Each structure stands twice: as structure tokens, then as C-alpha cells.
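Undergrad: predicted model and sequence below, questions to follow.
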Amino acid sequence: MKQSVFVFLLISGHQYHYVNEQKNWSDAQIYCREKHTDLATIDDEEDMRTMLKITTSDDAWIGLHVDWQWSQADRGFLSEEESLYRNWDTGEPDNLNGNQNCADMRKGGRFNDIHCDRLFSFICYDESSTERYILITEKKTWTEAQSYCRQNHTDLVSVRNSTENEKVKEELTDQALYWWIGLYKNWTWSDESKSSYRNWEKTSDHSSLVGDDRICAVVSSGQWKKKKCNEEYRFICYEDNLILVKQNKTWAEALTYCRQHHHHLVAVSTETLQHWVKRRAENASTSHVWLGLRFCCTLRFWFWVSLERLCYQNWGVVYPGSECGHSGAVESRNGQKWVSLPETERLNFICR
């Protein structure tokens with residue numbers, strides 16, 4: 001087998017690794033998750049410029065790919081297993097003539113992919129109503145239907161399992177043959193981060209991408225192109241350099257440990273880093289995990305001990321007040337918000 005060559009560079013707290021070995025996107029994803037963290041996520045132009053220093057002009061996979069997802073997925077409504085539920089009709093999705101990026105439900109309860117600008121009736125979900133499934137017979141595009149449901153109810157319906165699929169199917173009337181549901185295709189990152197940065201090549205011809213093939217992104221000379229995911233290219237992994245320590249220590253003990261064995265208790269300075277911290281915290285053996293966040297009694301403010309600016313914040317419902325002897329932690333379950341806890345509590349912690 002061809003030998004892999006790694007080139008890596010420290011940037012924004014994580015490393016990029018260029019792998020000089022050709023694989024399809026799925027195999028590249030498996031490789032990156034086994035040996036590093038995941039296929040590369042690119043947050044901004046600084047990341048892109050840095051990546052250019054370690055790549056060639058050849059195409060290389062990054063973590064961006066097109067996948068079907070539910071409209072309510074970004075609201076914490078679905079578990080990982082529920083987010084994958086599909087009930088496609090035979091031969092679907094087929095992406096007929098390209099750009100079939102939304103899904104409707106037929107009377108039999110089966111899903112079909114279709115152009116998002118078609119005008120259909122639609123099904124809203126309302127979490128505060130005794131009637132959870134609201135049928136709207138007025139015809140709208142998928143985007144208009146989603147906006148209507150979010151303004152007047154909760155969202156376009158997300159079907160989480162076969163039981164819910166049967167319930168929704170039973171609600172359908174003869175007033176329409178096709179009903180929009182909340183399933184649509186969207187560009188997503190392999191590590192599920194929320195980075196909205198894009199750098200598409202403007203002159204690419206994507207006519208060859210019509211059909212039901214999965215579409216993924218490669219980087220080439222700094223710009224991105226769409227490719228069929230089953231094609232083989234070199235690829236770029238990243239490593240987030242976050243270390244979950246499953247030892248129960250006070251906040252001060254955790255800080256000392258991180259400084260002696262790594263660099264610091266983690267400072268969560270961006271939403272992307274919060275995502276990575278969340279993934280580490282999920283494996284903790286305590287209900288909360290220490291962060292490098294502390295309250296200064298003298299000046300009455302919260303600060304990162306590694307001296308990063310406290311711009312991004314992810315506190316729970318109540319912003320903590322003046323709490324001397326308290327430090328910041330993140331929930332290891334549920335919404336994984338930040339909380340203020342007595343620094344004498346013994347918790348797992350994250351170093352970097």
C-alpha cells in the first residue's frame with residue numbers, strides 16, 4: 001500500500017494533517033477519525049491560507065459534504081439515531097435532473113426528493129399544541145413552508161421513527177397528493193461543526209454530478225470543488241488537541257495538572273471550539289467538566305486563565321453573578337451549557 005505522508009501545522013488550537021494517500025470520502029473520514037479527530041473543517045480565511053501552505057494543487061477531500069437532514073436538527077429535537085430516519089419510496093432519492101434538494105411525503109407515507117421551488121401543501125409540527133401535526137393546504141415552496149411553520153408553530157415536521165411516520169401518514173387528507181416535510185439536503189461538516197465559511201470555485205462545471213451520487217467537497221489551489229464522494233483523492237484531517245482527563249480534581253488541581261502535562265485548561269473562545277469541547281465532555285464520568293474559566297473576586301468579572309478574550313459565551317439560562325470561589329464548567333450531558341460551580345468540587349476536566 002502506498003505510504004502516507006503527513007504534513008501538519010498548528011493553527012487556532014488544532015492541527016491539519018495532509019495525507020498523501022488516495023481514498024474515497026467515506027474511507028478518508030474513517031481514517032481521520034481513527035488516527036486524528038475528523039476530516040478537516042475550515043472556519044475562516046485564516047484557516048484556508050494556512051491549509052494552502054501544506055497542500056499541493058491536487059484535489060484533496062475536506063470534511064464538507066451534502067447530506068439529508070431534518071429542519072429541526074439544529075434545535076436539539078432529534079437524537080443521532082432519530083436524525084437518520086428515512087422512509088424513501090422505491091428508487092428514491094434519485095436527484096432526477098439534478099437539484100432535487102427537498103423531500104415531500106406521499107399519501108402512502110413514503111418520501112420523495114424533488115425541487116424545492118415546487119408548490120405543495122405542507123405539514124407543520126407544534127410542540128405546544130395538543131394537535132402536534134398541523135396540515136396546511138395552502139401551497140408554498142419548501143423554504144416558504146419552513147418559514148411559515150417556524151413563525152406560526154414550531155417547524156416543518158421532522159419524522160423521527162416509523163411510529164411517527166404512521167401517525168403523520170394517518171393525518172394526510174385527500175386535499176393534496178404531495179406534502180412538504182422538514183427533510184432537505186444541506187452542506188454539512190463531517191464533525192458536525194457550524195462553520196458557515198465557504199470558498200467555492202466560481203467557474204466549475206457540475207453537470208456531471210446529476211444523479212443519486214453523494215456529493216462531497218475537495219480543496220484545490222485554495223478553492224473548493226464538488227466531486228462525487230466515491231471518487232478517490234488525497235485528503236486533509238484535523239486534530240483538535242483537546243484532552244479529556246477522567247480524573248476527579250478540584251479546579252485548582254485540574255489547572256495544575258494541565259499546566260504540568262499539557263498547556264492549559266481549555267478556553268472555549270468560539271462556537272466551533274465549543275462543539276469540540278462538547279464532543280469530549282460527552283465521554284466524561286462526571287456530570288460537569290472543568291473549563292479554564294474563573295471568577296475574579298477583586299474586579300468582579302469572569303475570565304479565561306489562559307488570557308483569551310471572553311467574547312463567545314455559552315452560559316445556561318441564568319448568567320452567573322458575583323460568586324467568589326467559583327469557577328466555570330460545562331455540562332457533560334443535556335444542552336452542555338456553561339455553569340458556575342464551587343471550585344472545590346471534584347470533576348473531570350479538559351486540557352489542551
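TA: Sure, I can see it. Numbering: from 1, shown residues only.
Undergrad: quick check: residue 242 touching residue 278?
TA: No - with contact defined as C-beta atoms under 8 Å, residue 242 and residue 278 do not form a contacting pair (10.3 Å). The way it works is simple: take the backbone N, C-alpha and C, and place the C-beta from them, glycine included.
Undergrad: could you give the bridge partners of residue 180?
TA: Counting by DSSP bridges, residue 180 is bridged to residue 104, residue 122.
Undergrad: quick one: residue 166 and residue 87 touch, right?
TA: No - in this structure, residue 166 is not within contact of residue 87 by C-beta under 8 Å, at 9.9 Å.
Undergrad: same drill for these two, tell me which one is more crowded.
TA: Using other C-beta atoms under 10 Å, the more surrounded residue of residue 166 and residue 87 is residue 87, with 20 against 12.
Undergrad: the more buried one and residue 100: what is the separation?
TA: Per C-beta to C-beta, to the nearest Å, residue 87 is found 17 Å from residue 100.
Undergrad: which residues in the stretch 1-150 of the chain form helices?
TA: Taking DSSP state H, counting those that start in this stretch to define them, one finds helices in the stretch 1-150 of the chain at 25-35, 45-52, 80-83, 142-152.
Undergrad: now the shortest one: buried residues?
TA: Using 16 or more other C-beta atoms under 10 Å as the test for burial, helix 80-83 gives 82-83.
Undergrad: stretch 87-106 too?
TA: Buried residues in stretch 87-106, defined by neighbour count with 16+ other C-beta under 10 Å: 87, 92-93, 95-96, 99-105.
Undergrad: re the thing from before, overlap in contacts, residue 166 and residue 87.
TA: residue 109 (C-beta atoms under 8 Å, 6 or more residues apart in numbering).
Undergrad: rewinding a little: present the helices of the stretch 1-150 of the chain as a markdown table; the columns should include distance to residue 327 and mean pLDDT.
TA: Below are the helices of the stretch 1-150 of the chain laid out as a markdown table (distance: least, C-beta to C-beta, whole Å; pLDDT from 0 to 100):
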| stretch | distance to residue 327 | mean pLDDT |
| --- | --- | --- |
| helix 25-35 | 32 | 94 |
| helix 45-52 | 30 | 84 |
| helix 80-83 | 31 | 84 |
| helix 142-152 | 38 | 97 |
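Undergrad: so where is the stretch 251-352 of the chain shaky, pLDDT-wise?
TA: For the stretch 251-352 of the chain, applying pLDDT under 70 flags the ranges 317-322.
Undergrad: and the helices in it?
TA: Under DSSP H, counting those that start in this stretch, the stretch 251-352 of the chain gives helices at 251-261, 271-281.
Undergrad: which strands and helices lie in contact with the last one?
TA: Translated: helix 271-281. The helices and strands touching helix 271-281, judged by 3 or more C-beta pairs under 8 Å, 6 or more residues apart in numbering; DSSP states H and E, are strand 243-249, strand 288-296, strand 326-331, strand 347-351.
Undergrad: now the buried residues of stretch 87-106 as CSV including pLDDT and distance to residue 71?
TA: Putting the buried residues of stretch 87-106 into CSV (pLDDT from 0 to 100; distance: C-beta to C-beta, whole Å) gives the following:
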residue, pLDDT, distance to residue 71
87, 97, 16
92, 92, 19
93, 91, 17
95, 86, 19
96, 83, 22
99, 82, 18
100, 91, 17
101, 92, 13
102, 97, 10
103, 98, 10
104, 98, 13
105, 97, 13
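Undergrad: for those residues, work out which two are farthest apart.
TA: Greatest spacing in those, by C-beta to C-beta: 87 and 99 (22.1 Å).
Undergrad: which residues are in contact with residue 119?
TA: Contact analysis of residue 119 by C-beta under 8 Å, 6+ apart lists 139-141.
Undergrad: again, only this time at 10 Å
TA: By C-beta atoms under 10 Å, 6 or more residues apart in numbering, the residues touching residue 119 are 138-142, 144-145, 178, 180.
Undergrad: about what we covered before: what's the closest of the helices of the stretch 1-150 of the chain to residue 125?
TA: helix 142-152 (7.2 Å).
Undergrad: domain parsing for this protein?
TA: Domain ranges of the chain: 6-64+187-239, 67-186, 243-351, per automatic domain parsing.
Undergrad: the longest one spans what distance, first to last residue?
TA: The straight-line separation of the ends of domain 67-186 (C-alpha to C-alpha, to the nearest Å) is 6 Å.
Undergrad: what do you get for the last one?
TA: Using C-alpha to C-alpha, the end-to-end distance of domain 243-351 comes out at 5 Å.
Undergrad: check the gap between residue 201 and residue 348 for me.
TA: Between residue 201 and residue 348 the computed distance is 44 Å (C-beta to C-beta).
Undergrad: what of residue 130?
TA: Separation of residue 130 from residue 348 (C-beta to C-beta) stands at 42 Å.
Undergrad: neighbour count winner among these two?
TA: Legend: neighbour count by other C-beta under 10 Å for residue 130 and residue 348, higher for residue 348 (23 against 5).
Undergrad: which residue, other than its chain neighbours, is closest to that one?
TA: Leaving aside its sequence neighbours, residue 348 sits nearest to residue 284 (C-beta to C-beta, 6 or more residues apart in numbering; 4.3 Å).
Undergrad: residue contacts, the closest residue to residue 248 other than its chain neighbours?
TA: Spatial nearest neighbour of residue 248, excluding adjacent residues (C-beta to C-beta, 6+ apart): residue 346 at 3.9 Å. Going by C-beta under 10 Å, 6+ apart, residue 346 touches 247-251, 253-254, 286, 290.
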